[in-house]
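K.L.:
here are the coordinates; sequence isn't available:
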């Protein structure tokens, strides 16, 4: 069983640029959630996707957007990067049925640095 | 809004000892899940244990167990026979409809 994977591992961008982060969900999982984790903090919910539609959003501006594809993989796009966007971005997938319904399993994360 | 509070920023114990990490939460929801996740220096967030709020029985996973007190909104994690590999940040998390709400974390160090 393949777990959640994310790419790239590390990324360095400059302020004002745009970035796309990618996530492949665990086999059998059809819901994907994205979180931002600043250094020394707990993760903060950005949004969740289910059946290719946004299914809940946290307190993040519209320049944070996402997509989910028919194979349940997902992208997080951030436009007009700001220095405060520097963080670890975590993707989590979860099944909507079964014994562990709703439980979120995380990928290894993408470390984004904005200079 | 839900909040999760971990009052112990750091803890340190000797290998083989038992350690308990504290967590309290606040919610008006009646149906929810609670989790403990572990984040070692490799930064991957790893699920340790899961508790459904409607279950009175405390969850256990090998050396890990929880003390879930629903009325007090308390959810502590007990690690028995601690091992060096247990060294990590531990996050308590609440899940209602969709999102996970995390606490600030407890940095646990297991000393040889």
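P.N.:
Arrived safely, thanks for sending. Computed from a predicted model, the values in this text were never measured in an experiment. Residues are numbered from 1 along each chain as shown, chains lettered A, B, ... in the order given.
K.L.:
so where do the strands sit in chain B?
P.N.:
Under the criterion DSSP state E, strands of chain B are mapped to B:3-5, B:10-14, B:19-21, B:24-26, B:33-39, B:46-52, B:60-61, B:64-69, B:74-79, B:88-95, B:100-102, B:106-111.
K.L.:
okay if I get the ones you listed as a markdown table plus distance to residue A:30 and mean neighbour count?
P.N.:
From N, CA and C alone the C-beta is placed, and that goes for glycine too. Shown next, in a markdown table, are the strands of chain B (distance: least, C-beta to C-beta, whole Å; neighbours: other C-beta atoms under 10 Å in any protein chain shown):
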| stretch | distance to residue A:30 | mean neighbour count |
| --- | --- | --- |
| strand B:3-5 | 26 | 16 |
| strand B:10-14 | 37 | 12 |
| strand B:19-21 | 32 | 19 |
| strand B:24-26 | 27 | 16 |
| strand B:33-39 | 18 | 23 |
| strand B:46-52 | 18 | 18 |
| strand B:60-61 | 25 | 12 |
| strand B:64-69 | 28 | 18 |
| strand B:74-79 | 28 | 20 |
| strand B:88-95 | 17 | 23 |
| strand B:100-102 | 17 | 24 |
| strand B:106-111 | 32 | 17 |
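K.L.:
dump those to JSON lines, plus distance to chain A and mean pLDDT.
P.N.:
Rendered in JSON lines, the data for those read as follows (distance: least, C-beta to the nearest C-beta, whole Å; pLDDT from 0 to 100):
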{"stretch": "strand B:3-5", "distance to chain A": "8", "mean pLDDT": "96"}
{"stretch": "strand B:10-14", "distance to chain A": "12", "mean pLDDT": "97"}
{"stretch": "strand B:19-21", "distance to chain A": "14", "mean pLDDT": "98"}
{"stretch": "strand B:24-26", "distance to chain A": "13", "mean pLDDT": "96"}
{"stretch": "strand B:33-39", "distance to chain A": "6", "mean pLDDT": "97"}
{"stretch": "strand B:46-52", "distance to chain A": "6", "mean pLDDT": "95"}
{"stretch": "strand B:60-61", "distance to chain A": "12", "mean pLDDT": "94"}
{"stretch": "strand B:64-69", "distance to chain A": "15", "mean pLDDT": "97"}
{"stretch": "strand B:74-79", "distance to chain A": "15", "mean pLDDT": "98"}
{"stretch": "strand B:88-95", "distance to chain A": "6", "mean pLDDT": "97"}
{"stretch": "strand B:100-102", "distance to chain A": "3", "mean pLDDT": "95"}
{"stretch": "strand B:106-111", "distance to chain A": "10", "mean pLDDT": "97"}
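K.L.:
closest one to residue A:74 among those?
P.N.:
Set against residue A:74 and scored by C-beta to C-beta, those come closest in strand B:100-102, at 16.2 Å.
K.L.:
what's the closest non-adjacent residue to residue A:28?
P.N.:
Among residues not flanking residue A:28 along the chain, residue A:95 sits closest, at 5.9 Å (C-beta to C-beta, 6 or more residues apart in numbering or on different chains).
K.L.:
can you check residue B:42 too?
P.N.:
With C-beta to C-beta, 6+ apart as the criterion, residue B:42 has its nearest non-adjacent residue at 7.5 Å, and that residue is residue A:108.
K.L.:
residues from chain A in reach of chain B?
P.N.:
By the criterion of C-beta under 8 Å from any C-beta of the partner chain, the positions of chain A lying close to chain B are A:33, A:35, A:41-45, A:48, A:55-56, A:58, A:88, A:90, A:92, A:100, A:102-109, A:111.
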